[in-house]
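**Student:** With the sequence up front, the predicted model follows.
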Amino acid sequence: MSQLVSPRAGAFRHAGFRHYWIARFLVNFSAQIMGVSVGWQIYDITRDPFDLGMVGLTLFLPAFLLVLVTGAVADRFNRVLIMTGCIVGEGLCALALFIFTRTGEQTVTPILCMLAVLGTLRAFFGPAQQSLMPGLVPAEDRASAIAWGTSSWQIATIVGPVVGGLLYGISPDVAYISSFVLLAVAAAMSIRVPAGGRVAEERPSLETVVAGFRYIWKEKIVLGAISFDLFAMLLGGASALLPVYARDILAVGPWGLGLLRAAPGIGSILVAAFLLRHPVKDHAGVIMFVCVALVGFCIAVFGASKVVWLSVLALGLMGGFDMVSVYVRETLIQLRTPDAVRGRVNAVNMAFVGASNELGEFRAGISAWAFGAVPAVMIGGAATIGVSALWWYWFPQLRKARHLQDGA
């Protein structure tokens, strides 16, 4: 197993994967800058946590509504062209946000409209790029590719929010135009990625469209892994409320908001670096369940904290434990999914990940609007621990998963 995730002799030996990794990193980096900027801008305009929840809902709904379409598209058409086209579209959205900000209007409706477009583009981008990755490397390097692919997002979540906070502190215009430039470079790298993978040969039908759902339902480990992440993060998600904590509770400003958003990424990338050299060799399912429970505990600690250093530490530990969960879950899903349905399975997975993140942000915003930010976050952390306990008993196959090399 250690050969599969060696950072020196793994996926980065392959030029196609290097281009893919850089493009994916830049897209995620840009998304973090825009996330900080949009969150602060909306809360600055309305001072209402409900509107922060609407950001998550607006980004999530397209992936949910299009889940039967996006995966089928990724399995039937050129995944590189889909990925590149979505990156170009995101760049245009960043440019539109820049233009809107220049007008000086104090309304959130145009911003939410742009987020709906972004959500639609990301709904197609996710399954295409996720399904593309295994075909860029041979089988012996796939676990390494998954670990590095996950790390690209984690690295972006470390640097991106801090940079986004600094850029927004200079000017919202600078933040959005920087996102546009990053996405332009990402598109240039993406088009150089080899197509890879097999295009589905069956004619489109209701049966082929729902094949991803059928496979997930049949493969209980995949079903358990995807649904576990959905409900744990749906109930425990608190990132939408970071602007509230940064402005009203910790009083740290835009740069502090960037630091709070970066803290989980810092913990994640430190753990990712550890996993690349010391991968999970046994009892993968048990380790995943324990780490998700610890994520919930860290969320609750952050919710109660009114001290900056403790808040940052709790978020950092949360990110580290979450990284272990992501690593185990994504490896199990990819290794247990055949390429013929990988796009459709990944579409469902990405929709559920979106639900656990964006819809979780909506839940957090509504909860904070109803009874306050601190109780909303603390209750969410406790709920995540509860989900970990329930799934432990409901999915014994997932709990008993041991080795990641063959998913056994």
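**Tutor:** Nice, I can see it.
**Student:** Can you list the residue ranges for helices in the stretch 1-150 of the chain?
**Tutor:** Under the criterion DSSP state H, counting those that start in this stretch, the stretch 1-150 of the chain carries helices at the ranges 15-46, 49-65, 67-76, 79-103, 109-132, 142-170.
**Student:** Export those to a markdown table and append columns for mean pLDDT and mean neighbour count.
**Tutor:** In this view, the C-beta of every residue, glycine as well, is placed from N, C-alpha and C. Output for those, formatted as a markdown table (pLDDT from 0 to 100; neighbours: other Cβ atoms under 10 Å):
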| stretch | mean pLDDT | mean neighbour count |
| --- | --- | --- |
| helix 15-46 | 89 | 23 |
| helix 49-65 | 81 | 22 |
| helix 67-76 | 78 | 24 |
| helix 79-103 | 93 | 20 |
| helix 109-132 | 89 | 22 |
| helix 142-170 | 77 | 23 |
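**Student:** For Ile216, find the nearest of those.
**Tutor:** With Cβ to Cβ, the closest approach to Ile216 among these belongs to helix 67-76: 10.9 Å.
**Student:** burial measure for the closest residue to Gly91 other than its chain neighbours, as a count.
**Tutor:** Excluding the flanking residues, the one nearest Gly91 by Cβ to Cβ, 6 or more residues apart in numbering is Leu183, at 3.6 Å. Counted with other Cβ atoms under 10 Å, residues neighbouring Leu183 total 28.
**Student:** tell me which strands and helices the helix or strand harbouring Leu183 is in contact with?
**Tutor:** Per DSSP states H and E, Leu183 falls inside helix 172-190. Under the contact criterion of 3 or more Cβ pairs under 8 Å, 6 or more residues apart in numbering; DSSP states H and E, helix 172-190 touches helix 15-46, helix 79-103, helix 142-170.
**Student:** Let me have the ones you listed in TSV, extended by distance to Glu219.
**Tutor:** Formatted as TSV, these follow (distance: least, Cβ to Cβ, whole Å):
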stretch	distance to Glu219
helix 15-46	26
helix 79-103	22
helix 142-170	17
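**Student:** out of these, nearest to Cys113?
**Tutor:** Between Cys113 and the helices and strands packed on helix 172-190, the shortest separation by Cβ to Cβ is 8.9 Å, and it involves helix 79-103.
**Student:** what is the orientation angle of the closest one with helix 109-132?
**Tutor:** If you take axes from the mean of the first three to the mean of the last three Cα atoms, to 10 degrees, helix 79-103 sits at 160 degrees to helix 109-132.
**Student:** between helix 79-103 and helix 172-190, how big is the angle?
**Tutor:** 170 degrees.
**Student:** name the helices or strands packed onto helix 79-103?
**Tutor:** Other helices and strands packing on helix 79-103, by 3+ Cβ pairs under 8 Å, 6+ apart, are helix 15-46, helix 109-132, helix 172-190.
**Student:** Gly164 is in contact with Ala262, correct?
**Tutor:** No: Ala262 is not in contact with Gly164 according to Cβ atoms under 8 Å; the separation is 9.1 Å.
**Student:** rewinding a little: so the residue nearest to Gly91 sits right up against Leu26, yeah?
**Tutor:** Yes: Leu183 lies in contact with Leu26 (Cβ under 8 Å); the separation is 7.0 Å.
**Student:** Could you grab the helix/strand/coil label for Arg192?
**Tutor:** coil (DSSP: H, G, I helix; E, B strand; the rest coil).
**Student:** tally of neighbours for Lys281?
**Tutor:** 12.
**Student:** Quick check: it touching Ile287?
**Tutor:** No: using Cβ under 8 Å, Lys281 is not in contact with Ile287, being 10.1 Å away.
**Student:** Arg18 touches Phe12, doesn't it?
**Tutor:** Yes: with contact defined as Cβ under 8 Å, Arg18 counts as touching Phe12 (5.9 Å).
**Student:** Relative to the whole chain's centre, how far out is stretch 110-120?
**Tutor:** Here stretch 110-120 is found 17 Å from its chain centre; the criterion is Cα atoms, centre = their mean, to the nearest Å.
**Student:** contact partners of that stretch?
**Tutor:** Stretch 110-120 is contacted from outside by 34, 38, 41-42, 54-55, 58-63, 66, 89-90, 93, 96-97, 100, 354, 358, using Cβ atoms under 8 Å, 6 or more residues apart in numbering.
**Student:** Could you pull out the helices in the stretch 301-408 of the chain for me?
**Tutor:** 308-335, 342-354, 360-371, 373-394, 396-399.
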